[in-house]
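1. Fold the following, please.
(one chain, ligands or ions: 1)
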Amino acid sequence: MTRTSGDETEEDDVPIRVDFRDTATARAWIEDTRVRRPYRPRFFAAFCKALTSTKPLRILELGSGPGQLAREILVHCEVKKYVALDFSPAMHAIATEYLGELASRVTFETRDFREPTWPYDLGQFDAIVTLQAAHETRHKRHLVSLLERARACCAPGGILLYADHYLTPETKLTALSPTRDDQPAALARAGFVDVQLCYEEGNMALWCGTNSTVEASNPVG
Ligand SMILES: C[S@@+](CC[C@H](N)C(=O)[O-])C[C@H]1O[C@@H](n2cnc3c(N)ncnc32)[C@H](O)[C@@H]1O
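-> Sure, this is the predicted structure:
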């Protein structure tokens with residue numbers, strides 16, 4: 001059994017090291033990410049391009065954080081409803097401040113997506129988006145379950161846009177990141193079809209999968 005730097009093994013969930021529920025930690029992450037990941041605006045643009053639609057969309061964002069992706073989508077896309085889900089009230093407060101007037105178009109949901117019941121009562125969405133957050137399930141083996149539950153909230157014919165880092169030789173917490181090939185495979189295992197690469201840079205990829213018109217099974221509970 002592979003040992004990691006602490007006492008945990010490769011099979012264990014990785015303990016939370018950066019706790020976004022702490023306001024100072026959340027603000028420090030925002031600044032650190034701005035400097036270390038200058039390519040993020042190009043991912044925002046790729047999300048918006050993938051959300052091009054003739055009808056206003058109902059959108060759910062998982063791990064919405066400081067609202068940067070929400071802002072780009074609200075400004076550039078036709079949005080009927082935007083639900084920002086995050087387990088951190090601190091992040092929701094930062095997002096509310098950052099979005100200004102746009103915040104009135106957002107419903108902030110404080111939920112933990114590691115809980116199987118997280119989709120309960122959220123309704124149906126035309127698009128579910130997530131950026132740099134799916135690894136917060138704290139182990140890559142939970143990725144398919146997260147995406148399956150997301151599909152339960154996805155309207156028939158709706159899409160999931162999933163972006164996160166993939167495994168490289170430099171990856172430190174290897175249990176968090178699937179390989180690049182395993183990312184689209186996870187969408188397929190969760191029942192999404194026509195999985196396509198939308199954008200890739202900085203060891204991060206944005207994938208789009210479509211919820212087939214067959215009614216999704218309900219994995220909640
Ligand atoms: C690395 S940040 C990314 C934020 C945002 N998606 C972005 O790219 O700007 C991860 C986000 O996931 C949220 N998060 C972490 N664990 C979570 C959980 N179990 N349930 C819901 N949100 C979670 C954090 O609070 C944080 O806002």
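2. name the element Lys81 belongs to?
-> strand 79-86 (DSSP states H and E).
3. ok, Arg189 - how many residues close by?
-> By other CB atoms under 10 Å, 14 other residues sit near Arg189. (Each C-beta comes from the backbone N, C-alpha and C, glycine too.)
4. got it, and Ala150?
-> Using other CB under 10 Å, Ala150 has 29 other residues around it.
5. Same check on Thr54?
-> 5.
6. Asp121 too?
-> Asp121: 8 neighbours (other CB under 10 Å).
7. Remind me what the strand holding Lys81 packs against, helices and strands.
-> Where contact means 3 or more CB pairs under 8 Å, 6 or more residues apart in numbering; DSSP states H and E, strand 79-86 is packed against strand 57-62, helix 68-76, helix 89-99, strand 106-110.
8. most tightly surrounded among those?
-> Of all the helices and strands packed on strand 79-86, strand 57-62 has the most neighbours on average by mean count of other CB atoms under 10 Å, namely a mean of 24.
9. Need the CA coordinates for it. PDB is fine.
-> C-alpha atoms of strand 57-62 as PDB (Å, rounded to 0.1, in the frame of the first residue of the first chain):
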ATOM      1  CA  LEU A  57     -30.100  28.800 -19.300                       C
ATOM      2  CA  ARG A  58     -30.700  27.500 -15.900                       C
ATOM      3  CA  ILE A  59     -27.100  27.000 -14.500                       C
ATOM      4  CA  LEU A  60     -25.700  25.300 -11.400                       C
ATOM      5  CA  GLU A  61     -22.100  25.900 -10.400                       C
ATOM      6  CA  LEU A  62     -20.400  23.400  -8.100                       C
END
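10. Measure how that strand sits relative to helix 68-76, angle-wise.
-> 170 degrees (axes from the mean of the first three to the mean of the last three CA atoms, to 10 degrees).
11. Is strand 57-62 positioned near the ligand?
-> No: between strand 57-62 and the ligand, judged by CB under 6 Å from any ligand atom, nothing touches; the nearest distance is 6.9 Å.
12. helices or strands next to that strand in the packing?
-> On a contact count with 3+ CB pairs under 8 Å, 6+ apart, strand 57-62 meets helix 68-76, strand 79-86, strand 125-131, helix 143-152.
13. Pick out the residue closest to the middle of the protein.
-> The residue lying closest to the centre of the chain (CA atoms, centre = their mean) is Thr130, at 2.1 Å.
14. Could you find the closest non-adjacent residue to it?
-> Closest residue to Thr130 in three dimensions, ignoring its sequence neighbours and counting by CB to CB, 6 or more residues apart in numbering: Leu62, at 4.1 Å.
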